[in-house]
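Participant: I'll drop the sequence and a predicted model, then ask my questions.
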Amino acid sequence: MVTLKILRIELAKLNKTMATKAELKHAVADLKETMATKAELKHAVADLKETMATKIELKHAVADLKETMATKAELEHAVADLKETMATKQDQDKLMTLLDEVVTEVRASREERMLSGHQFLRIDDKVFDHEKRIRVLEKK
């Protein structure tokens with residue numbers, strides 16, 4: 001049987017764990033301050049609707065991107081074309097070797113022309129000298 005003493009002990013335990021009316025009012029007031037009202041929520045939802053894209057708008061954006069962006073296959077094809085037409089390091093090395101050979105040939109040819117020019121001038125001087133001597137001999 002439950003005695004009055006046990007009931008009082010249990011009531012004391014309940015009083016310790018239960019909130020008072022004042023505490024409940026204070027907690028409700030705090031909740032009211034932190035919770036949004038229906039009007040505030042409606043306003044927030046309206047703002048979201050204005051700033052967020054709809055499914056239709058997103059579908060149009062994706063379609064536009066698909067039109068303007070290259071596909072993976074197109075990019076792979078473009079890369080393959082580039083690989084075909086671009087010179088490799090080996091190609092550049094071959095070209096530089098050929099250019100070196102051509103430059104060497106041009107320099108040698110230039111030197112030969114300079115030497116030939118000097119020889120021509122010497123021969124021209126000798127011919128002029130011979131012409132003078134022939135004129136002197138003819139006058140005699």
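Facilitator: Yep, it's here.
Participant: Now do the phi/psi pair for T37.
Facilitator: Torsion angles at T37 (phi, psi; degrees, to the nearest 10) stand at phi -80, psi 170.
Participant: in the chain, which helix or strand is least confident?
Facilitator: helix 4-17 (a mean of 83; mean pLDDT, DSSP states H and E).
Participant: Quick check: which ranges of the protein have low pLDDT?
Facilitator: Applying pLDDT under 70 to the chain flags the ranges 1.
Participant: in the least confident helix or strand of the chain, what counts as buried?
Facilitator: Neighbour counts over helix 4-17 (16 or more other CB atoms under 10 Å) mark no residue as buried. Glycine gets a C-beta too; all of them are placed from N, C-alpha and C.
Participant: Need the CA coordinates for that helix. CSV is fine.
Facilitator: Taking Å, rounded to 0.1, in the frame of the first residue of the first chain, the C-alpha atoms of helix 4-17 are listed here in CSV:
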residue,chain,number,x,y,z
LEU,A,4,1.3,9.3,2.4
LYS,A,5,5.0,9.6,3.1
ILE,A,6,5.9,7.8,-0.2
LEU,A,7,3.5,10.0,-2.1
ARG,A,8,5.1,13.1,-0.7
ILE,A,9,8.5,11.8,-1.6
GLU,A,10,7.4,11.1,-5.2
LEU,A,11,5.7,14.6,-5.3
ALA,A,12,8.9,16.2,-4.2
LYS,A,13,10.8,14.4,-6.9
LEU,A,14,8.3,15.5,-9.5
ASN,A,15,8.5,19.1,-8.3
LYS,A,16,12.2,19.0,-8.8
THR,A,17,12.0,17.8,-12.4
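Participant: So which other helices or strands are in contact with the helix or strand that comes right after it?
Facilitator: Going down the chain from helix 4-17, the next helix or strand is helix 21-34, by DSSP states H and E. Using 3 or more CB pairs under 8 Å, 6 or more residues apart in numbering; DSSP states H and E, no helix or strand is in contact with helix 21-34.
Participant: buried set for the next helix or strand after helix 21-34?
Facilitator: On the C-terminal side of helix 21-34, the nearest following helix or strand under DSSP H and E is helix 38-51. For helix 38-51, the neighbour count (16+ other CB under 10 Å) marks no residue as buried.
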